[in-house]
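A.B. asks: sequence first, then the predicted structure:
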Amino acid sequence: MMGMDKEQVKNRRPLKSRDTWWARVLTSVIGRTPLSPNAISLVGILFALVGSGIYVLVGHCGLSVYALLGAAACIQMRLLCNMMDGLVAVEAGKSAPTGVLFNEAPDRLEDVLFLLGAGVAAGWPVWGVQLGWLCAALALGTAYVRVLGGSLGLEQDFCGPMAKQHRMFFLTVGTLGAVAEWIVNGSRLALPCVLGLIAAGSLVTLVRRIGRIVRQLNART
C-alpha cells in the first residue's frame with residue numbers, strides 16, 4: 001500500500017466498507033483532486049460541529065423532525081470522512097508525516113461533539129446531558145486504552161461492543177428512532193435510551209480492552 005508503512009497499515013480500524021465498489025470509485029475520484037487526507041479529516045470535524053449544533057438547537061428550541069434527520073446525516077458524513085481520509089492516504093499515495101495525528105485527533109473531537117450534542121437534545125429526563133458527558137468520557141477512555149496498547153508494542157485493539165463505528169451506528173439509529181417516536185406519539189425517550197446503551201456498551205468495551213492488554217502483556221513473560 002502506497003504512502004503508509006506496515007505499522008500504520010496494521011493499526012488501521014477494520015472496516016468492510018473499504019472494500020466496496022463505491023468506496024473504491026470515490027477514492028479514485030477524490031485521489032485525482034487536490035484534496036489531501038488531512039483536509040478530509042478536517043471536513044469531518046465540520047460535519048461534527050454542524051451535527052452537534054443541530055442537536056443543541058433541538059434541545060433548546062424543541063424537537064424538529066427535519067433537524068434530527070440532518071443530525072443523522074451529519075453522523076454518516078463524519079464516518080465517510082473518517083474512512084476516506086485513510087483510503088486516500090493509502091490507495092492514492094497521499095499520506096503525510098502528520099497523517100497519523102490527523103487521523104486520530106479529529107475522531108476524538110467528533111465523538112465528543114456528537115455525544116454531548118445528543119445529550120442536550122435528549123432533554124428528558126434531566127439527566128440527558130449527564131448521559132452525554134458520560135458517553136463522551138467513555139468514548140475517550142476506549143480510544144485511550146486502544147492507543148495505550150499500541151504504545152506498549154501491541155496491536156491496537158478495535159474490539160467492541162461499542163467501538164467508534166458502533167457508537168455512531170447506535171446514535172444514528174437512536175436519532176432516527178426519535179423521529180419515528182415523535183411522529184407516532186410525541187414522546188422523547190429514544191435518545192436518552194440509546195445514550196444509556198452507548199454508555200453501558202462503552203464501559204464494557206473499556207474493560208474488555210484493558211483485560212486483553214493485560215493478557216497480552218502477561219503472555220510476554
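C.D. replies: It's in.
A.B. asks: please count neighbours and contacts with C-alpha atoms only from this point.
C.D. replies: Noted.
A.B. asks: in stretch 107-116, which residues are buried?
C.D. replies: 107-116 (16 or more other C-alpha atoms under 10 Å).
A.B. asks: so which of those comes closest to residue 33?
C.D. replies: Within those, the smallest distance to residue 33 is 23.3 Å, found for residue 107 (C-alpha to C-alpha).
A.B. asks: now the strands for the protein?
C.D. replies: Under the criterion DSSP state E, the chain carries no strands.
A.B. asks: quick one: residues contacting the residue nearest the centre of the chain.
C.D. replies: Nearest residue to the geometric centre of the chain (C-alpha atoms, centre = their mean): residue 164, 4.2 Å. Residues in contact with residue 164 (C-alpha atoms under 8 Å, 6 or more residues apart in numbering) are 111, 139.
A.B. asks: distance check, it against residue 157.
C.D. replies: Using C-alpha to C-alpha, to the nearest Å, we find residue 164 at a distance of 12 Å from residue 157.
A.B. asks: ok, now residue 28?
C.D. replies: Distance, residue 28 to residue 157, using C-alpha to C-alpha: 29 Å.
A.B. asks: and these two? Which one has more around it.
C.D. replies: The neighbour count for residue 28 versus residue 157, taken as other C-alpha atoms under 10 Å, is higher for residue 157 (23 against 15).
A.B. asks: go ahead and confirm that one touches residue 209.
C.D. replies: Yes. The pair residue 157 and residue 209 qualifies as a contact (C-alpha atoms under 8 Å) at a distance of 6.7 Å.
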